Each structure stands twice: as structure tokens, then as C-alpha cells.
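**Student:** kindly generate the corresponding structure for this input.
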Amino acid sequence: MTAARHRVLVLGGYGNFGKIISERLSLDPRLSVIVAGRDRGQAEKLASHLSAKVQHAAVYAQKVDIHSRDFQLDLARSRAQTVVNTCGPFHANNYATAETCVQAGVNYIDLADDRSFVDGIRVLDVAARSKNVTVVSGASTVPALTSAVIDAYIGEFSRLLHVESSLSPGNRAPRGLATVQSVLGYCGKPFTRFEGGGWQTVYGWMDAHRRTFAGLTKPRVVANCNVPDLELFPRRYPTLQSYRFWAGMELRTLQYGIALMAYITRIGLVSDWSRYASVLKTMSEWMLERGSDIGVMHMRMIGERIVAGDIQRHQVDWGLCAASGHGPHIPCTPAIVAVQKIVEGHMPSGAHACVGLMTLADIMNSLKSYDISSSKNGLGGDRVGDRQDQQCTDISPFQRALGDEGSLHLFIYLTETHSISCTARLHATIP
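**Tutor:** Numbering: from 1, shown residues only. Here you go, the predicted structure:
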């Protein structure tokens, strides 16, 4: 007798990440996949495509709107046992979708990268345990993959002191509106980062600098990003004295553009760039033919180890390179692994940020069919030039963001009510 398939509902199942997850889950004969979203036509189109493409696949379509008052009823009709939510952006304190799943006795997984949202998922822990379901938030590159990398190598250290993570997708990678909204949500806004054993204030998409990556001949520009790791890792790794996370676009034109936007927010001209996400997403897509489809990631871990009774400095560099347009598979993979672990009974009940729930081997084994390679202690991660990390001030962060060669003089004259005026002259560079 054939065992019943585990039913997985993928919210946003035809979106950029959703369609990857739907297709890869459809390859698992233990699963039935329900492609769900507000557009029934798109859901049915992908479900039909996957049913024809994947032999013995069980793929269905359903119209589901998480913002509708009928969501609870739609969830019951789907008979889903696990929900994968790709419908961002995810905002702190809004756990309505996850709560509905818990109340219905359905496992819940999301790809959230909002720092407060992922950390705050713990508020559902008691309810999830009482229903014996699993709730996982942040089943994506951050914090799932980044924590798995640290966990894989932390045994080499007697004390892990400093960790740096850098990420840069290829310019030709598709970008969804929710992702753009998330990226712009903290552009130019302050957030805290654990450095020197204490919390320091930095600003989103500022303090830009060039870094080298394994697999690339040219450095890429990266800048400050506000991710769940910044909140979670100082608690998870108690010897840690600093954790920094940077990300950036492949094209410097786009990176310098967001640096300018960050500065504009700093001086108070625009309070929230995410309101313009749709327009800015369209503008960025004008450049889709430029750049490459190569995404890269680098992590550097620095600490101490004891050798023959002596304390020695120890460093581990880990890099990831995704070619052939396969980069988007990386953020999707932890959610896929989480589904598989639920089916196998290897996921604890309760509500968890996605740290310590899967290993680096779990993630990389799931990616072995794609043009994605990783390496330990390969080249990469070095900051280009002599610039020192400094807290942003009103002018120098933007100065650094645009580089060191050439010169751009930007005069900003701002006049507000009550005769308040400000003039700033910026020295910056465009390589």
C-alpha cells in the first residue's frame, strides 16, 4: 500500500522563489504540491507545466489570498499539512499568516529576512508546541545558510571572535517586488550591529566598499545590511565579539544609486524608499542585460585555537559561487530542506528562527544538481584598499560609498520651514 503524500501549500508558488520551491518539491514522490496565490490563472499554468514535466508529480493549483478573510477557510480546503510562505515583505509583529496555520494545526515555513520578524517568531512557540506543529522563520540564505556555515567550522576554534559575511547576486537574477521592498525598507536608516563586544549604530546601504570573491576576477561593492543574523548570532555564539553583514549589487551603477538614496534618507529628504519599490524595481530591470548571472557569497570566521598548549589565531574563509543563473536556488533551499525534515520527523515542534535546524551538508547536498560550488579557505573576502571601518557620519560614508578615484561635487541645498537650511559639499569618486 502506497503511503499518502504529505501536502505542501506554497504561498506565492508561481513567484520568483515560489516557482523554484514548487518545482523542486514536485520532484519528491513523498509530496503533493499545491501552487497557491491570488492569481488562479498563474497558479494553474505552473501546476500544469510541472505535472507535464515531472513524471509522477502530484501538483495542484489553488487561489489563496493571505490578506482575505477567507484565508482560514482556503487553508482548510487545501488540506495542507505544511505551508511554505514566500509572500513577503515580512514585517515585525504581523504573524497573522503563521498564526492561522498554527491554529489549524499546519506546519509553517517562511523565507523572511526581516530582522525583527525572524527574531520575534518566538512569540508563537507556546501555541505551536500545544498544537505539535513546527514554525520556522528565515528558512533562506539568512540566517539558515550563514548559521549552518558557522556551525560547520566552529569546532575548529576554541573561541570564535569575529565573523564577516558578504553576499552579491548576479545582476541578471530576477528580483521580486517583495525583495525590493525589503531591501529598500532600511535604506539610510539606523540599526545596531554587534562590534567590539557592544552594539554600534550603522546605516543601511552605507559604508560601501569593494570586496573580492572567490570565482570572480573583479571585486564587487557591498554595504551595510540589516539581517536577522545581527540579532541572533551574538546570542547563539556567546564568545562572538563582532558580526558584520554586507551585501551589494553586481553593477556599481545600482550600488552607487542606492548609496545616494541612503544619503538622501540620512538628510531627511525621503523617509522610506520602500514606497517607491515598484518604480525602482522597473528602473533596475532596464539594466538586466548588463552584468552576469553569477552570484557569490563569502564568510570569514576569525578566532583562537589551542595548539600544543599555545593559543593561536585561527581563520576560516568559506565561499560560494553560483553560475548559470542558479543563484536563486540558494535562498530557496533551506525552506525545501525544512519541508523534507518535517516529512522525515526530524524537525522539533515549536516556533524557531532557522538556526541550528539543518547542517551545511543538508543545504549543499540539496544544491548538488546545480552549478553551485563552495570552497573553504579559498580567495575572497579581502577589502580592497586601506579603508578602515568607521561609524557613518553625515558626509564621509557617502564619500566612501562612491569610491576613491575621480571626483564628484554634489551640492545639496535644503530649505525647510522656519528658515532651516543646510548646504553640503561632497567629495566622492566614481571609478
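**Student:** from now on I want contacts and neighbour counts done on CA atoms only, so please keep to that.
**Tutor:** OK.
**Student:** pLDDT below threshold where in this structure?
**Tutor:** Along the chain, segments meeting pLDDT under 70 span 1-2, 92-93, 378-431.
**Student:** and the helices in it?
**Tutor:** With DSSP state H as the criterion, the chain has helices at 16-26, 40-53, 71-78, 96-103, 115-120, 125-131, 146-153, 177-185, 229-236, 252-266, 277-285, 329-343, 360-366, 396-401.
**Student:** would you mind splitting this structure into its domains for me?
**Tutor:** Listed by automatic domain parsing, the domain ranges of the chain are 6-141+328-366, 145-324+378-393.
**Student:** of all those domains, which one is nearest Ile372?
**Tutor:** Closest to Ile372 of those is domain 145-324+378-393 (CA to CA; 4.3 Å).
**Student:** can you redo the helices of the chain as JSON lines with distance to Ser375?
**Tutor:** Conversion of those to JSON lines gives the following (distance: least, CA to CA, whole Å):
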{"stretch": "helix 16-26", "distance to Ser375": "24"}
{"stretch": "helix 40-53", "distance to Ser375": "33"}
{"stretch": "helix 71-78", "distance to Ser375": "42"}
{"stretch": "helix 96-103", "distance to Ser375": "36"}
{"stretch": "helix 115-120", "distance to Ser375": "28"}
{"stretch": "helix 125-131", "distance to Ser375": "36"}
{"stretch": "helix 146-153", "distance to Ser375": "11"}
{"stretch": "helix 177-185", "distance to Ser375": "27"}
{"stretch": "helix 229-236", "distance to Ser375": "22"}
{"stretch": "helix 252-266", "distance to Ser375": "26"}
{"stretch": "helix 277-285", "distance to Ser375": "31"}
{"stretch": "helix 329-343", "distance to Ser375": "15"}
{"stretch": "helix 360-366", "distance to Ser375": "11"}
{"stretch": "helix 396-401", "distance to Ser375": "29"}
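**Student:** indicate which one of those is closest to Asp310.
**Tutor:** Nearest to Asp310, of those and by CA to CA, is helix 146-153 at 19.9 Å.
**Student:** just checking, what packs against that closest one?
**Tutor:** Using 3 or more CA pairs under 8 Å, 6 or more residues apart in numbering; DSSP states H and E, the elements in contact with helix 146-153 are helix 229-236, helix 360-366.
**Student:** just these: most buried one?
**Tutor:** Highest mean neighbour count of the helices and strands packed on helix 146-153: helix 229-236, a mean of 18 (counted as mean count of other CA atoms under 10 Å).
**Student:** how many other residues sit next to Ser369?
**Tutor:** As a burial measure, Ser369 scores 9 neighbours (other CA atoms under 10 Å).
**Student:** also Val83?
**Tutor:** Residues near Val83, counting by other CA under 10 Å, number 24.
**Student:** and it, how close does it get to Ser22?
**Tutor:** Distance, Val83 to Ser22, by CA to CA, to the nearest Å: 12 Å.
**Student:** that older thread, most tightly surrounded among the domains of the chain?
**Tutor:** Across the domains of the chain, averaging neighbours per residue (mean count of other CA under 10 Å) puts domain 6-141+328-366 on top, at a mean of 20.
**Student:** returning to that earlier point: could I get the domains of the chain in CSV, plus columns for distance to Ile372?
**Tutor:** Shown next, in CSV, are these (distance: least, CA to CA, whole Å):
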stretch, distance to Ile372
domain 6-141+328-366, 9
domain 145-324+378-393, 4
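**Student:** find the nearest non-adjacent residue to Ala128, please.
**Tutor:** Sequence neighbours aside, Gly350 is the residue nearest to Ala128 in space, at 4.7 Å (criterion: CA to CA, 6 or more residues apart in numbering).
**Student:** which strand residues bridge the one you found?
**Tutor:** Taking DSSP bridges as the rule, Gly350 bridges to Thr134.
**Student:** that one against Val133, yeah?
**Tutor:** Yes - using CA atoms under 8 Å, Gly350 makes contact with Val133 at a distance of 6.3 Å.
**Student:** circling back: how about the helices and strands packed on helix 146-153, which one is nearest Val222?
**Tutor:** With respect to Val222, and counting by CA to CA, the nearest of these is helix 229-236 at 16.4 Å.
**Student:** list the helices and strands the closest one packs on?
**Tutor:** Using 3+ CA pairs under 8 Å, 6+ apart: helix 229-236 touches helix 115-120, helix 146-153, strand 190-195, strand 242-247.
**Student:** outside of that helix itself, list whatever touches it.
**Tutor:** For helix 229-236, the surrounding residues in contact (CA atoms under 8 Å, 6 or more residues apart in numbering) are 115, 119, 142-143, 146-147, 192-194, 240-245.
**Student:** now, among those residues, which is nearest to Gly105?
**Tutor:** For these, the closest approach to Gly105 (CA to CA) belongs to Asp119, at 22.0 Å.
**Student:** nearest residue to that closest one other than its sequence neighbours?
**Tutor:** Nearest residue to Asp119, sequence neighbours excluded (CA to CA, 6+ apart): Ala353, at 6.3 Å.
**Student:** show the contacting residues for Thr86.
**Tutor:** So Thr86 contacts 10-13, 17-18, 110-112 (CA under 8 Å, 6+ apart).
**Student:** swap the cut-off to 6 Å and go again
**Tutor:** Residues near Thr86 by CA atoms under 6 Å, 6 or more residues apart in numbering: 11-12, 111.
**Student:** so which of those residues sit within strands?
**Tutor:** Counting by DSSP state E, the members of the contacts of Thr86 that fall within strands are Leu11.
**Student:** can you list the contacts of Thr86 in CSV and add distance to Glu164?
**Tutor:** As requested, the contacts of Thr86 are exported to CSV (distance: CA to CA, whole Å):
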residue, distance to Glu164
Leu11, 32
Gly12, 32
Leu111, 22
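**Student:** return the member of the contacts of Thr86 nearest to Ala262.
**Tutor:** Leu111 (25.1 Å).
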